[in-house]
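>>> Model the structure of this input:
(one chain, ligands or ions: 3)
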Amino acid sequence: MRNLSMLTDLYEFSMANGFQRNLPHTRGIFDIFYRDVPDHGSFVIAAGLAQVVQVLRDFHFDAADVAYLRSLNLYDDAFLTMLADFQLDCTISAVPEGLPVFPREPLVTIEGPLAQAQLLETVLLNILNHQSLIATKARRITFAAQGRPIMEFGARRAQGPDSALYGTRAAVIGGAVSTSNVLAAQQFGIPAAGTMAHSWIEAFPSELAAFQAWAQQYPDNSALLVDTYDVLRSGVPNAITVFKALKAAGHQPVGIRIDSGDIAYLSKQARKQLDAAGLPEVKITASNALDETVIPALLAEGAPLDNFGIGEKMITSASAPVLSGVYKLAATRTNGQLKPKIKVSASVEKTTLPGIKQIYRLYRPGTHEAFADVMALADETLQTPLAVVDSNPLQTHKYLALTAFTAVPLQQSINLAQAPLEDVFAIQKFAQTKLAELPAETKRLVNPASYPVYVTQQLDALQHQLIDAFKQQVN
Ligand SMILES: Nc1ncnc2c1ncn2[C@@H]1O[C@H](COP(=O)(O)OP(=O)(O)OP(=O)(O)O)[C@@H](O)[C@H]1O
Ligand SMILES: O=P(O)(O)OC[C@H]1O[C@H](OP(=O)(O)OP(=O)(O)O)[C@H](O)[C@@H]1O
Ligand SMILES: O=C(O)c1cccnc1
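Ligands and ions are numbered 1, 2, ... in the order given. Alright, predicted model coming up:
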């Protein structure tokens, strides 16, 4: 990954420069969290931490970067010198990639000198917002496919090269099993997969000649695109001719791909033709702007589809193209003294949670059934009964007591020097394990139930104390 230290908003440099001059001995503790789930879902799949770790490991400014910043005539010499000799002095704790996370829960917490930690806002949000968005969308599509494999086909429609590359990584975290994107396959160890484009068929004198040439070239990888001319009158009959010849020569025919028209009707008819020809093993792949709304419609019609190629809708998260994760100051530390901080906003749902926190997932004792999350101050011990209040500021502010639970902390401190860049399929498996722990009603695609996320009485009291102090100041 190239050095992304300059991928930031100008105001980060402007604040960092001022922090160094005004508050040189103050450290900032920043939380990264989001407020709204894309597509009206109930959770987001956290993704992108491996790239965050890479960026932090390599965070430095080249001579050309410093010269450019100097040319803006905005910044102090001492600040530019600090950038030129940059030594990252930040610590990071984070939830693991693949974990389903809920609104307002800190995915990542960064602590460091204000002048450093502020500089990380833009690039960290860029990475985490993008990958978590695509992983979340891929989870929805995978869920809709009910176990049928999803091939990621989106490189041509992604918003630029990085979105194709890291979007594919995120799509696999969310459940895709292979990709047509060779760079992503190479870089992340994802199986490379694919069929053929219409140009292959158009280039030959006939569809049959095109299929035959393909089968000769790739006798054990013969996935044939059958919709160039007429799926049922030409594509499938020609594919059957080629598959029979392949079988006779001792090869295993792979499948057909349908990429246009009424996919339910065409796949049912194609299945009948293939079965009647003694080719029940031939798989049917569907593609063409598929997503988690079209796939269930196809399956509800009884479309006999074995797998899906998914491009534009997944790689761009077309139905919900933004995850608005934010980077908010939760506390400062000066000469060892911790000061919780809050942003009190006119819109009550934007008021932040102060202090250094930990998130806990609560399980029914002796089970893997998660039933709620609790955000607490990091130095709190969770007592039973635990007094909590809904973390959603728009809910009624009513305390309740939680009694029977096993609490598992979700954020872990990350050792930048040692943090392993985990295998994407290990992350996918972890995501599936963690998804399995959530109540079924929170996972459905339409109007999912929201999962309870509470804050402890102590954290709630701290928030209200800071809000009151702010009100007194204003008055
Ligand atoms: N039976 C079906 N039920 C619901 N949606 C379907 C069904 N069959 C296809 N679709 C979806 O409808 C959308 C439009 O299909 P259509 O065949 O009109 O595509 P198109 O883009 O016009 O075709 P082409 O790719 O040849 O230009 C696509 O998202 C496709 O996946
Ligand atoms: O629809 P997506 O989910 O993005 O899947 C990838 C699409 O990419 C290819 O189309 P191509 O670029 O050849 O254009 P087409 O729309 O004419 O098929 C392929 O045939 C799929 O239709
Ligand atoms: O291999 C394929 O079939 C493929 C790859 C990218 C986009 N559409 C289809």
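
>>> Touching, residue 202 and residue 225? I think so.
No. The pair residue 202 / residue 225 is not scored as a contact, 10.6 Å apart, by C-beta atoms under 8 Å. In this view, the C-beta of every residue, glycine as well, is placed from N, C-alpha and C.

>>> So if I had to pick from these two, which one is more boxed in?
With neighbours defined as other C-beta atoms under 10 Å, residue 202 and residue 225 compare such that residue 225 has more, 25 against 11.

>>> per-residue pLDDT, that one?
Note on residue 225: pLDDT of 98.

>>> Can you confirm whether stretch 149-158 lies near ligand 3?
Yes. Contact of stretch 149-158 with ligand 3 (C-beta under 6 Å from any ligand atom) involves residue 153.

>>> So that stretch, near ligand 2 or not?
Yes. Legend: contact between stretch 149-158 and ligand 2 by C-beta under 6 Å from any ligand atom is shown at 153, 156-157.

>>> Leaving out the residues flanking it, which one is nearest to residue 413?
Excluding the flanking residues, the one nearest residue 413 by C-beta to C-beta, 6 or more residues apart in numbering is residue 93, at 4.5 Å.

>>> Quick check on the closest residue in space to residue 369 that isn't next to it in sequence: phi, psi?
Counting by C-beta to C-beta, 6+ apart, residue 369 lies nearest to residue 363, which is 6.1 Å off, once chain neighbours are set aside. The phi/psi pair for residue 363 (degrees, to the nearest 10) reads phi -110, psi 150.

>>> so what's residue 363 up against?
Contacts of residue 363 were listed using C-beta atoms under 8 Å, 6 or more residues apart in numbering, and they are 369-371, 405-408, 437.

>>> Quick one, grab the pLDDT at it.
Listed pLDDT for residue 363 reads 98.

>>> same check, this time on residue 419
The model reports residue 419 with a pLDDT of 69.

>>> Give me the three-state assignment for the residue nearest to residue 413.
strand (DSSP: H, G, I helix; E, B strand; the rest coil).

>>> show me what contacts it?
108-109, 411-414.

>>> and which of those residues is nearest to residue 24?
Distances from residue 24 to the contacts of residue 93, taken as C-beta to C-beta, are shortest for residue 109 (22.1 Å).

>>> Just the pLDDT at the closest one, thanks.
Listed pLDDT for residue 109 reads 98.

>>> How many residues are close by the residue of the stretch 351-475 of the chain found nearest ligand 1?
Taking C-beta to the nearest ligand atom as the measure, the stretch 351-475 of the chain has residue 445 as its residue closest to ligand 1, at 15.4 Å. Per other C-beta under 10 Å, the neighbour tally for residue 445 reads 16.

>>> So it is in contact with residue 144, correct?
Yes. Using C-beta under 8 Å, residue 445 makes contact with residue 144 at a distance of 6.5 Å.

>>> Now do stretch 306-317, average pLDDT.
Averaging pLDDT along stretch 306-317 yields 98.

>>> now do the same end-to-end measure for stretch 140-153.
End-to-end distance of stretch 140-153: 16 Å, with C-alpha to C-alpha, to the nearest Å as the criterion.

>>> what about it, distance to the chain center?
Counting by C-alpha atoms, centre = their mean, to the nearest Å, stretch 140-153 is centred 15 Å from the centre of its parent chain.

>>> Provide the contact partners of that stretch at residue level.
The set of residues external to stretch 140-153 that reach it, using C-beta under 8 Å, 6+ apart, is 39, 41, 138, 168, 171-172, 174-181, 184, 190, 193-194, 285, 287, 290-293, 295-296, 299, 305-311, 313-315, 443, 445.

>>> among the residues you listed, which are within reach of ligand 3?
The residues of these that also fall near ligand 3, by C-beta under 6 Å from any ligand atom, are 180, 194, 287, 309, 311.

>>> okay if I get those as TSV plus neighbour count, secondary structure and distance to residue 426?
Shown next, in TSV, are those (neighbours: other C-beta atoms under 10 Å; DSSP: H, G, I helix; E, B strand; the rest coil; distance: C-beta to C-beta, whole Å):
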residue	neighbour count	secondary structure	distance to residue 426
180	19	coil	22
194	17	coil	24
287	20	coil	28
309	23	strand	24
311	20	coil	25
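
>>> That's all I had, so thanks and see you.
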